[in-house]
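# Predicted model and sequence below, questions to follow.
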Amino acid sequence: MELRHLRYFVMVAEEKHFTRAAARLHMQQPPLSQQIRALEDELGFELFKRHPKGVDLTTGGAVFLEEAKAILARVQDGARRAARVASGVEGTLKIGFTSSAAAHPLIPRIIRAYREHYPAVSIALEEGNAGRLTERASAGELEVGVLRAPVSQPAGIEFHRLLVEELLWVLPIGHPALTAGDGAIDIQRMRDEPFILVRRPGAPGMYANLLRACQTAGFEPKVAFEVERMLTNVSLVAAGEGISVVPASMRDIHRESVVYRRIRGARPRLVAPLTLVCRRFNPSPAQRNFIELARRLAKAYRVQAQGE
């Protein structure tokens, strides 16, 4: 039994006449009659009673008509929904993010805009470090990861850099280095300070760049604590446990307890990118739409930032 047999049957049932049904189906009447006979043989009962003026449904045919219409409607609904998923306007999208990436105002702006553009797509959000998000994206367990600097590049993974912002010192209020005013603080000024840094596996690029900048400035930084998330290091700085560096977009956190200053004299220049990670192979339409929207909004954000 094929879907075309059901369509033929429904058309004959609606017209109550083979010739009129055949005309609507753009086919000849004899082949239509043969197809209905074949369907009746397969079902094992008559669907129609033939008479000179046309046909009437049998009792079994009346029941089968309801089922045939329901099947065709489900197929049509399924095709329509599949088309919406195939175009990315319906379906699901799993997004992971690091805490420091989510703190940038661009990220909630992108997610909010995506929800407005694609309200029928269900979004699942999760938090993790950059290494974990990259692994899950590589395994196909996550469509998009939002992180700072890439930590690894498994086969089949691609990165989309949205923007780059500078890293800032974060110091507890009352720190001696703040007596010089509101300007940038030279990296050599921090040679004897205890550093609170995000654990290397979570952010190896920024971690390594800071160590390299300190070494270029002539000292090995004293690492007092390594933490899982950047929000934690700001809290520890606020508690007076040391100093740290964070992306500029985090400079409003704990403003009652810490002070943010630009970094001077760092080689290499200390920056924090904002990056999307996703699988290259067979991306879902929802993923493609998200990446496209994110890149477009990031470009607008950069243009706006340059004009301010």
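Good, I have the coordinates. Numbering: from 1, shown residues only.

# From here on, just use CA atoms for contacts and neighbour counts.
Will do.

# shaky segments in the stretch 201-308 of the chain?
The stretch 201-308 of the chain contains residues with pLDDT under 70 at 201-204, 307-308.

# again, 90 this time
Along the stretch 201-308 of the chain, segments meeting pLDDT under 90 span 201-209, 211, 226-232, 251-253, 268, 281-283, 303-308.

# ok, the longest strand along the chain: who's next to it in the sheet?
Counting residues, the longest strand found in the chain (DSSP state E) is strand 157-172. Taking DSSP bridges as the criterion, strand 157-172 forms sheet pairs with strand 244-247 (antiparallel), strand 258-264 (antiparallel), strand 271-279 (antiparallel).

# The last one: what's the following helix or strand?
Using DSSP states H and E, the helix or strand that follows strand 271-279 towards the C-terminus is helix 285-307.

# which of the residues in that next one are buried?
285-291, 293-295, 297-298, 301 (16 or more other C-alpha atoms under 10 Å).

# swap in stretch 41-56?
Glu46, Leu47, Phe48, Val55, Asp56.

# what's the pLDDT at the second one?
The confidence metric pLDDT takes the value 91 at Leu47.

# Okay, the nearest residue to it once chain neighbours are set aside and His104: tell me how far apart.
Nearest non-adjacent residue to Leu47, counting by C-alpha to C-alpha, 6 or more residues apart in numbering: Gly61, 4.1 Å away. Distance, Gly61 to His104, using C-alpha to C-alpha, to the nearest Å: 64 Å.

# okay, those two: which has more neighbours?
Gly61 (20 against 16; other C-alpha atoms under 10 Å).

# got the contact list for that one?
Glu46, Leu47, Phe48 (C-alpha atoms under 8 Å, 6 or more residues apart in numbering).

# Look up which helix or strand it falls in, please.
Counting by DSSP H and E, Gly61 is found in helix 59-87.

# what's the domain layout of this structure?
By the record's domain assignment, the chain is partitioned as 3-87, 95-162+274-307, 163-272 (automatic domain parsing).

# how far is the helix or strand where Leu231 lies from where the chain is centred?
When elements are assigned from DSSP H and E, Leu231 belongs to helix 230-238. Distance, stretch centre to chain centre, for helix 230-238: 28 Å (C-alpha atoms, centre = their mean, to the nearest Å).

# tell me what it is packed against?
On a contact count with 3 or more C-alpha pairs under 8 Å, 6 or more residues apart in numbering; DSSP states H and E, helix 230-238 meets helix 99-102, strand 157-172, strand 194-198, strand 244-247, strand 258-264.

# Of these, which is nearest Ala82?
strand 157-172 (26.4 Å; C-alpha to C-alpha).

# ok so, going back, and the next helix or strand past the helix holding Gly61?
strand 91-97.

# roughly how far out does that next one sit from the chain middle?
4 Å.

# Could you give me the buried positions within it?
Quick answer for strand 91-97 (16+ other C-alpha under 10 Å): Gly91, Thr92, Leu93, Lys94, Ile95, Gly96, Phe97.

# Sweet, I'm off.
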